[in-house]
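pasting a predicted model and its sequence here:
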Amino acid sequence: MAFDVQLRIDDKVVTIELSGELDASTAGEFHQAIGEAAGAGAVELVIRAEQLGHLSSAGLRSLVFARQKMGDGVRIAVIGASEPVARTIRLAGFDHSIDLVDA
Amino acid sequence: MTFRTAGAGRAAGVARTPECGWTIALRIPATIESLAPVSDFVLGLGKQAPLPESSLYRLRLAADELATNIVMHGYRGEPGEITVDGGIDPGDVWVRFQDDAPAFDPRQGMRTPAVDVPLAERPIGGLGVFLALTAVDIFEYQLVAGRNVSVLVVRRPAAE
């Protein structure tokens, strides 16, 4: 399934909806959306992952980038990740800094 | 995860016929655009086996990370080629990568994530190799006549 990123800025909450396959060839789009989210001065970043079929280390790097750009006070949540996607996030130990919700 | 003894596995048998008749192969340029055909290749192999969804996810993740590693860190953007083949054996499904980048054993690049370090300060090198090596049941690497040969293996569940 082709990768797609939808960005929605609602007051200070930024929602990024991911679908398809997030790997090194598609992570640039996600990276760009995170940059926009950080620029919008968000207090919360919600990443909707219900339709995300695949997550590689390139996607994890984008999450690190998000954590770096958004500042300590900003909550970052990944919502609805599938079992293997959530497993990858936990295996890398990212669930200490990013909330995994409904995963 | 098991590291098979060198010489005991398929990495050593590059010129040897695999254990069963069912194999397919792919030759692709070492570019990031080749990740999609690598994934399609692995998904096709897994469906043919067939592998359970969770095992296929692991094999595909490992293949994706290994291919990315060869493109980004092996050839370092220089032109090159990757040969991918794979097969279905009674006990497992395997995917083998061969490349002519400078000799590099992916196991040497593996870094276990520093989970106690805040994410924003985390050194993230080696994460892809870590995911690849923890995803598969067996990983083999051997330098064969100057070629890097890596094999990813996932076990098939026992037949009912």
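Arrived safely.

for chain A, longest strand please?
strand A:44-55 (DSSP state E).

that strand vs chain B: in contact?
Yes - using C-beta under 8 Å from any C-beta of the partner chain, strand A:44-55 reaches chain B at residue A:54. The way it works is simple: take the backbone N, C-alpha and C, and place the C-beta from them, glycine included.

up against chain A, what does chain B have?
B:32-33, B:35-36, B:39, B:54, B:57-58, B:60-61, B:64-65, B:68, B:71-72, B:113-115, B:118-120, B:122, B:124, B:127-128, B:130-131, B:134.

one more time with 6 Å, if that's ok
B:32, B:35, B:57, B:64-65, B:68, B:113, B:115, B:119-120, B:124, B:127-128, B:131 (C-beta under 6 Å from any C-beta of the partner chain).

which helix in chain B runs the most residues?
What stands out as the longest helix in chain B, according to DSSP state H, is helix B:53-69.

phi, psi for the closest residue to chain B within chain A please.
Per C-beta to the nearest C-beta, residue A:93 is where chain A lies closest to chain B, at 3.0 Å. Phi and psi for residue A:93, reported as degrees, to the nearest 10, are phi 80, psi 20.

how deep is it tucked in, by neighbour count?
Using other C-beta atoms under 10 Å in any protein chain shown, residue A:93 has 16 neighbouring residues.

ok now do it, which residues does it touch?
B:113, B:115 (C-beta atoms under 6 Å, 6 or more residues apart in numbering or on different chains).

make it 8 Å
B:113, B:114, B:115 (C-beta atoms under 8 Å, 6 or more residues apart in numbering or on different chains).

pretty sure the second one contacts residue B:125?
No - checked against C-beta atoms under 8 Å, the pair residue B:114 and residue B:125 is beyond contact range at 10.9 Å.
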